[in-house]
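Chemist: Predicted model follows, preceded by the sequence.
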Amino acid sequence: MVRVVGVASPVPRAPWRLWRSPYLWLATIHLLGDIFVVLTCGLAVLAAVIVAIVAWPLGYAGVPLSVRATDFVYMLAGWERGRAEITRGQDVQAFYPPELTGSGGADATAAVIDPALWRQLLYYVLLLPMAMVWVAAIVVAWSVPPVLIGLPLYFSKFAAAQAQLGPFVIDTMTKASIAALIGAVFLLVVTPWLMRTASALDGQLARVFLGRSMNRALAERVTQLLTSRQKVVDSVESERRRMERDLHDGAQQRLVSLAMTLGRAKNRLGDRDPAVRVLIDEAHSEALQAIAEIRDLTRGLHPPVLTDRGLDAAISAVAARSPVPVRVTVEVYPRPSLTIEAIAYFVVTEALTNVAKHSEAAEVDVRVSRRGNRLRIEVDDNGRGGADFAAGTGLQGLHDRVAGVDGWLDVHSPPGGGTLLTAVVPCE
């Protein structure tokens with residue numbers, strides 16, 4: 001079944017599609033069921049609200065009763081939303097009862113003054129007159145056309161050989177045929193229009209009083225997605241820090257021990273066996289190279305100095321190792337979260353790597369500053385420019401990393417005019 005978000009108008013507009021669609025019959029069944037819902041669920045909701053109000057001031061015994069009574073109202077409203085989904089394909093965004101705080105009095109008060117509770121009660125109050133109108137409309141829509149269509153078959157059987165339809169008297173076969181034609185048109189056009197209109201109004205009532213507005217539902221969904229995305233980003237950053245600790249405290253220490261052992265073996269061997277010494281020299285060199293690579297890798301993941309001393313010290317350490325002279329200016333107070341610091345560090349290190357590899361610059365300025373809840377990172381070099389996202393220089397990775405926390409990245413790099421990389425990320 002197709003879901004209609006908001007107001008449901010399930011009956012097809014085109015008359016020739018009417019009899020192939022189940023929605024006309026489902027809408028009719030739903031509208032007929034409204035009167036039953038009012039007389040059962042509506043009265044039950046009214047009784048539950050009365051119980052909640054009466055039990056509210058009764059202290060220890062009344063507080064749980066008030067909360068359970070309002071929960072019962074929400075349950076019945078959920079059934080009504082389910083009925084709308086089955087018969088109309090209408091997706092009504094559900095209300096949620098107030099969250100329990102553990103304080104009996106506060107929970108009971110929140111339950112009784114909950115605006116959604118009273119809106120759901122008002123739904124059943126307004127549904128009563130509407131249900132009476134729907135019953136009348138269904139009787140007219142589904143009983144009058146068959147009577148008119150069958151009139152030529154039986155009007156002559158009357159004693160006076162005529163039929164009285166309000167102010168109209170049908171006393172000839174011609175008039176009876178015209179009435180039958182009108183009945184057929186009524187059945188094909190007016191009946192679905194009546195059912196469609198009634199179903200749309202009924203769906204509007206359910207949407208307004210039994211569910212949240214779409215704007216509110218979308219805003220809540222966006223908030224949920226932002227929260228879940230932030231959790232993912234934080235968990236990835238936490239995993240990076242764990243990997244850095246494991247490499248630094250595990251593999252790197254073992255390689256250092258191995259290099260020291262090979263160094264001692266080389267010193268003890270001396271010049272007695274040149275072939276073996278060559279092999280030990282190669283192994284020692286490879287171990288030292290592996291240690292250097294692991295150190296570079298751990299610095300790229302999440303260096304300990306970043307956690308211990310912040311961006312100023314971490315970026316200054318990166319600048320000291322750069323083959324291009326770097327001036328660093330960091331004004332970040334208060335410190336942002338570890339995740340934002342790691343992203344800023346990654347932007348600077350990747351940008352300096354690109355400068356060293358591609359720009360042919362003589363100097364670089366790195367500026368990091370915090371203004372309110374925004375962290376701004378600028379890396380400005382005097383190289384040959386021409387940096388391009390499509391050139392495979394890592395800019396796309398920087399853009400994706402910054403965009404993951406709702407930040408933005410801009411690169412101004414005219415040919416021969418140097419490159420200014422600017423990234424702005426939110427921080428708390």
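Modeler: Great, that's in hand.

Chemist: Please, where are all the strands along the stretch 301-428 of the chain?
Modeler: For the stretch 301-428 of the chain, the strands defined by DSSP state E, counting those that start in this stretch occupy 326-331, 364-371, 374-381, 408-412, 419-426.

Chemist: Adding distance to Val278 and mean pLDDT, write those out as TSV.
Modeler: Any C-beta I mention is one placed from the backbone N, CA and C, and that applies to glycine too. Formatted as TSV, those follow (distance: least, C-beta to C-beta, whole Å; pLDDT from 0 to 100):
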stretch	distance to Val278	mean pLDDT
strand 326-331	40	92
strand 364-371	42	93
strand 374-381	43	93
strand 408-412	49	88
strand 419-426	46	91
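
Chemist: which stretch among those strands comes nearest Asp281?
Modeler: Nearest of those to Asp281, taken as C-beta to C-beta: strand 326-331 at 35.4 Å.

Chemist: ok, Val402 - contacts?
Modeler: Neighbouring residues of Val402 by C-beta atoms under 8 Å, 6 or more residues apart in numbering: Ile343, Val347, Trp408, Leu409, Ala423, Val424, Val425.

Chemist: and the residue lying closest to it once chain neighbours are set aside, how many neighbours?
Modeler: The shortest distance from Val402 to any non-neighbouring residue, by C-beta to C-beta, 6 or more residues apart in numbering, is to Leu409 (4.7 Å). Using other C-beta atoms under 10 Å, Leu409 has 20 neighbouring residues.

Chemist: Thr329 now?
Modeler: Neighbour tally, Thr329, other C-beta under 10 Å: 12.

Chemist: do Ile113 as well
Modeler: 11.

Chemist: give the contact list for it.
Modeler: No contacts exist for Ile113 under C-beta under 8 Å, 6+ apart.

Chemist: what about it, distance to Arg88?
Modeler: 32 Å (C-beta to C-beta, to the nearest Å).

Chemist: Any figure for the gap between the nearest residue to Arg370 once chain neighbours are set aside and Tyr154?
Modeler: Nearest non-adjacent residue to Arg370, counting by C-beta to C-beta, 6+ apart: Val332, 4.7 Å away. Counting by C-beta to C-beta, the gap from Val332 to Tyr154 is 92 Å.

Chemist: Same question for Val51.
Modeler: 55 Å.

Chemist: Between those two, which is the more surrounded one?
Modeler: Val51 (17 against 11).

Chemist: The more buried one is in contact with Thr70, isn't it?
Modeler: No - using C-beta atoms under 8 Å, Val51 makes no contact with Thr70, being 9.4 Å away.

Chemist: what bridges to the residue nearest to Val402?
Modeler: Ala423 (DSSP bridges).

Chemist: So it sits against Leu421, correct?
Modeler: Yes - Leu409 is in contact with Leu421 according to C-beta under 8 Å; the separation is 7.3 Å.

Chemist: Give the residues shared as contacts by those two.
Modeler: Common neighbours of Leu409 and Leu421 (C-beta under 8 Å, 6+ apart) are Val347, Leu395, Leu398.

Chemist: Buried residues, stretch 79-95. List them.
Modeler: Buried residues in stretch 79-95, defined by neighbour count with 16 or more other C-beta atoms under 10 Å: 80-81, 83-85, 87-93, 95.

Chemist: Out of the shared contacts of Leu409 and Leu421, grab the one that's most surrounded.
Modeler: That'd be Val347 among the shared contacts of Leu409 and Leu421, by other C-beta under 10 Å, with 26 neighbours.
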